[in-house]
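Visitor: predicted model, plus sequence, below.
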Amino acid sequence: TGIDQTAESRAMLEAADCPIVQIMEVGPNPVDMMIGFSHYDAARAAVAHLFAQGHRKIGFVGARMDPRVQRRLDGYVSAMKEAGLFEQRLVVTTATPTSVTLGGTLFADLLGREPGIDAVFCANDDLALGVLFECRRREIAIP
């Protein structure tokens, strides 16, 4: 999964006598074949969609911070900076493994930093569900 294999893992894959398909991401140097997408470009597209909806104070919630999540964060930061809207306080991340509960906790932290946020980019579905639950607890309307 992904494109971030160690040198040792990559050598094993290259030596395997079978087709190799790296999934969930694309990059410049496949072992054999890749099926996926650019996490960086996907994050930029998601932020562009939120801009098109009129949002400007867009937070980022991320956990685990593996290379794929880091590329999502980099895409978010790039899009926000390009629009002149990046503020570090809009970013809440942790190396802690992801969970629904953690999503709610990180969103609460984000609201404490910036109560005026009008959208949130979540690094994955577990965190997004936690954000939705926390919004419901706080009676924050979700379109």
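Guide: Received the coordinates, thanks. Numbering: from 1, shown residues only.

Visitor: for the chain, what spans make up the helices?
Guide: Counting by DSSP state H, the chain has these helices, from start to end: 7-15, 39-52, 67-82, 100-113, 125-137.

Visitor: contacts for the shortest one?
Guide: By that I understand helix 7-15. Residues outside helix 7-15 that contact it (Cβ atoms under 8 Å, 6 or more residues apart in numbering) are 5, 20, 31, 32. No exception for glycine: its C-beta is placed from N, CA and C like everyone else's.

Visitor: tally of neighbours for the first one?
Guide: Which is residue 5. As a burial measure, residue 5 scores 15 neighbours (other Cβ atoms under 10 Å).

Visitor: what's near enough to touch it?
Guide: Residues in contact with residue 5, defined by Cβ under 8 Å, 6+ apart, are 13, 31.

Visitor: which residues touch residue 104?
Guide: Residue 104 is in contact with 130, 131, 133, 134, 137, counting by Cβ under 8 Å, 6+ apart.

Visitor: what's the longest strand in the protein?
Guide: Longest strand of the chain, by residue count under DSSP state E: strand 58-63.

Visitor: so what's residue 77 up against?
Guide: 60, 86, 91.

Visitor: quick check: the gap between the residue nearest to residue 95 when sequence neighbours are not counted and residue 85.
Guide: Setting aside the residues directly before and after it, residue 95 is nearest to residue 65 in space (Cβ to Cβ, 6 or more residues apart in numbering), at 5.2 Å. Using Cβ to Cβ, to the nearest Å, we find residue 65 at a distance of 22 Å from residue 85.
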